[in-house]
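1. here is a sequence together with a model predicted from it:
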Amino acid sequence: MNTINVILQIFDKDDNCRIDFDEFSKIKNYVAEWKIIFDRYDTDRSGTIDIREIKSAILAMGFNVSTEFCNKLGWRFCQDSPGKMHLDAFIFICATIHALEKDHRRSTSGVLFVDVLNRWIDQ
């Protein structure tokens, strides 16, 4: 998992592997927004969110995901603390889901988005 690379891919509009001040400002705001959402679902204020809180956050983003999908997120992204996800992993997951959803909207494949998510998490 490399959250920085994912974020840079989203915001480096001129693909020069550098960020200018405008791109940096957008990244700062992007991370701050995800931190607010993360904190909203970190109900016990532990600095991590558990599988139940992860599912609630993703549902609030508008994606209807299964408990099994969220468990797989936990297995894949909560390796340091089983069942507990840190902000870095949360941002990586949210950024990836949004990127996949954006690509899916442009696609004409007819594949359901839930299938795209399941294929990604099963890689």
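-> Ah, there it is. Numbers count the residues shown, from 1 in each chain.
2. quick one, helices of the chain?
-> For the chain, applying DSSP state H gives helices covering 3-11, 21-41, 51-60, 67-77, 87-106, 113-121.
3. any idea how far the second one is from the middle of the chain?
-> Between the centre of helix 21-41 and the centre of its chain there are 12 Å (CA atoms, centre = their mean, to the nearest Å).
4. now the angle from it to helix 51-60?
-> 120 degrees (axes from the mean of the first three to the mean of the last three CA atoms, to 10 degrees).
5. if you count contacts, what does helix 21-41 end up packed against?
-> Judged by 3 or more CB pairs under 8 Å, 6 or more residues apart in numbering; DSSP states H and E, the packing partners of helix 21-41 are helix 3-11, helix 51-60, helix 87-106. (Each C-beta comes from the backbone N, C-alpha and C, glycine too.)
6. report the inter-axis angle for it versus helix 3-11.
-> Using the same axes, to 10 degrees, the direction of helix 21-41 lies 120 degrees away from that of helix 3-11.
7. please work out which of the helices and strands packed on helix 21-41 is packed deepest.
-> helix 51-60 (a mean of 18; mean count of other CB atoms under 10 Å).
8. of the helices and strands packed on helix 21-41, which shows the lowest average pLDDT?
-> For the helices and strands packed on helix 21-41, the weakest mean pLDDT is recorded on helix 3-11, namely a mean of 80.
9. tell me the helices and strands packed up against that one.
-> Counting contacts by 3+ CB pairs under 8 Å, 6+ apart, helix 3-11 is packed against helix 21-41, helix 87-106.
10. got a markdown table for the ones you listed, with distance to Lys13 too?
-> Formatted as a markdown table, these follow (distance: least, CB to CB, whole Å):
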| stretch | distance to Lys13 |
| --- | --- |
| helix 21-41 | 7 |
| helix 87-106 | 14 |
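11. which one of the ones you listed lies closest to Ile58?
-> helix 87-106 (7.2 Å; CB to CB).
12. what does the closest one contact?
-> Residues from elsewhere that reach helix 87-106 (CB atoms under 8 Å, 6 or more residues apart in numbering): 1-3, 6-7, 9-10, 31, 34-35, 37-38, 47, 49, 54, 57-58, 61, 63, 73, 77-78, 85, 111, 113, 116-117, 120.
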